[in-house]
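Asker: just the structure for this:
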Amino acid sequence: MLPASIQITGEQLSAAEVQDICESLTEDGVRLLSVRGCQLSDRDFGRICRSVAESRSLAQLNLNLGVVSSSSRTRHLADALNTNRSLQTLFLHGSPLLDAGLVTLNSALSTHPSLVCLDLGDCMLGDEALVLICGMLPPDGAKSGLRELTLSANPGISSKSWARLSIAVAHSSQLRVLNLDYNPLGDQIAGMLAVAVASSRTLEVLDLEGTGLTNQSAQVFLDMVENYPTSLRVLVLAENHISPELQQQICDLLSEGDDDDDRDASPLLSGPASSSALLPIRDKYQPIRDKYQPIRDKYQPPAWLPHSNSGPQTVLLTSGLGESLLAETEM
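Answerer: A predicted model of the protein is given here:
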């Protein structure tokens, strides 16, 4: 029997429910565990973490919306990740980690042999945390690093640290998806990110929704996609002060690149409805509308095929990389 998924949202978990979850984990019967926004005792959280450590089937763990709510829970999670070897995707969106929490998790995250997708959106991170995150994006020729990174809504990070991240992205040998939405980046950091995108041979999705950009940033991105080869396929510029005409020009150029590679994705997401379609698997920060998008209950088709495949590349805006990696493992 194939491992199943357990997905519970916003519930108070009883000791009996936690016991059932733990037994399923230790029996390698769970591939996806989501207790997003759930309430449980510190003791029960520790029990789940110990079972996560033992699981050999768990590929995706969703603890979004405050489940990791204290330093003791962060330590329990770090201990679990130090032992677990199967986890590919970890969601901690909306957890009050602070820099100290990421210091606790850093060793386990950096050395985990399978982890490729990490969501640290709205975790109250600062500059110290971002230095550690840059270490999870090793340069070309180094060990494998993250393929998808979400840092949405961490306004405590300074411009200097965002510039440092841009350098790390430029030299990362693995990163495909970078979500920086709802951070006060501004045009200067966007310009640095454009240089990083032009340098990267892997980055395909960049989410800059609600980051304080203007036509100045859009013009830089337009020049980049018009004059330089790039792997970029999806650029999200919604809720910025950018003219529709510039957005359309960028969209058209990215679409031409997709046509050349026999791809059929929508490369530029600029409207309020389309912005939520990019990665429904993660909790997308939206302070103007609903703050969080609900997670989907079932696996979706792969977001794209691995670069090693001989068939045409495809980007589907219905799923995040975490799910595609699960699908890649199945194939």
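Asker: excluding chain neighbours, give the residue nearest to Gly126 in space.
Answerer: Gly156 (4.3 Å; C-beta to C-beta, 6 or more residues apart in numbering). Every C-beta, even on glycine, is put in place using the N, C-alpha and C of the backbone.
Asker: the one you found against Asp122, yeah?
Answerer: No: using C-beta atoms under 8 Å, Gly156 is not in contact with Asp122; the gap is 11.0 Å.
Asker: so between these two, which is more surrounded?
Answerer: Comparing Gly156 with Asp122 by other C-beta atoms under 10 Å, the one with more neighbours is Asp122, at 27 against 15.
Asker: just give the closest residue to the more buried one, not the sequence neighbours.
Answerer: Ala153 (4.3 Å).
Asker: from what I see, that neighbour and Leu120 are in contact.
Answerer: No: applying C-beta under 8 Å as the test, Ala153 and Leu120 come out as separate, 10.1 Å apart.
Asker: so what sits against both of those two?
Answerer: Counting by C-beta atoms under 8 Å, 6 or more residues apart in numbering, Ala153 and Leu120 have no common neighbour.
Asker: what's the model's confidence in the lengthiest helix in the chain, averaged?
Answerer: The residue-count maximum for a helix in the chain (DSSP state H) belongs to helix 244-260. Throughout helix 244-260, pLDDT has a mean value of 82.
Asker: residues of that helix that come out buried?
Answerer: Neighbour-count burial for helix 244-260 flags Leu246, Gln247, Gln249, Ile250, Cys251, Leu253, Leu254, Ser255, Gly257, Asp258 (criterion: 16 or more other C-beta atoms under 10 Å).
Asker: roughly how far apart are the spatially closest residue to Val225 that is not a sequence neighbour and Thr230?
Answerer: Excluding the flanking residues, the one nearest Val225 by C-beta to C-beta, 6+ apart is Leu253, at 4.5 Å. Remark: distance between Leu253 and Thr230 (C-beta to C-beta, to the nearest Å) = 10 Å.
Asker: that older thread, how many neighbouring residues does the residue nearest to Asp122 have?
Answerer: 24.
Asker: where does it sit: helix, strand or coil?
Answerer: Three-state call for Ala153 (DSSP: H, G, I helix; E, B strand; the rest coil): coil.
Asker: quick one: the strands in the stretch 51-200 of the chain?
Answerer: 60-62, 89-91, 117-119, 148-150, 177-179 (DSSP state E, counting those that start in this stretch).
Asker: show me what the second one is packed against.
Answerer: Going back to what we said before, that points to strand 89-91. Contacts defined by 3 or more C-beta pairs under 8 Å, 6 or more residues apart in numbering; DSSP states H and E place strand 89-91 against strand 60-62, strand 117-119, helix 321-330.
Asker: list the strands paired with the first one, with their directions.
Answerer: The pairing partners recorded for strand 60-62 under DSSP bridges are strand 30-34 (parallel), strand 89-91 (parallel).
Asker: for those strands, which one ends up most surrounded?
Answerer: strand 89-91 (a mean of 25; mean count of other C-beta atoms under 10 Å).
Asker: OK, contacts around Ala194?
Answerer: Counted by C-beta under 8 Å, 6+ apart, Ala194 has contacts Ser217, Val220, Phe221, Met224.
Asker: turn these into TSV, including neighbour count, pLDDT and distance to Asn62.
Answerer: Shown next, in TSV, are those (neighbours: other C-beta atoms under 10 Å; pLDDT from 0 to 100; distance: C-beta to C-beta, whole Å):
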residue	neighbour count	pLDDT	distance to Asn62
Ser217	26	95	32
Val220	18	96	35
Phe221	30	96	32
Met224	19	93	34
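Asker: closest to Gly101 among those?
Answerer: Ser217 (31.4 Å; C-beta to C-beta).
Asker: ok but that closest one is inside a helix, no?
Answerer: Yes: applying three-state DSSP, one finds Ser217 inside a helix.
Asker: which residue, other than its chain neighbours, is closest to it?
Answerer: Ala190 (3.8 Å).
Asker: which residues of the protein score low on pLDDT?
Answerer: Filtered on pLDDT under 70, the chain yields the residue ranges 1-2, 140-143, 257-282, 284-331.
Asker: list the contacts of the residue lying closest to Leu213 once chain neighbours are set aside.
Answerer: Spatially, and ignoring its direct neighbours in sequence, Leu213 is nearest to Asn240 (4.0 Å; C-beta to C-beta, 6+ apart). Residues near Asn240 by C-beta under 8 Å, 6+ apart: Leu208, Glu209, Gly210, Thr211, Gly212, Leu213, Thr214, Ser217, Ala218.
Asker: which among the strands paired with strand 60-62 is found nearest to Ser107?
Answerer: strand 89-91 (14.4 Å).
Asker: any idea how many residues pack against the closest residue in space to Asn183 that isn't next to it in sequence?
Answerer: Closest residue to Asn183 apart from its sequence neighbours, by C-beta to C-beta, 6+ apart: Thr211 at 5.6 Å. Per other C-beta under 10 Å, the neighbour tally for Thr211 reads 25.
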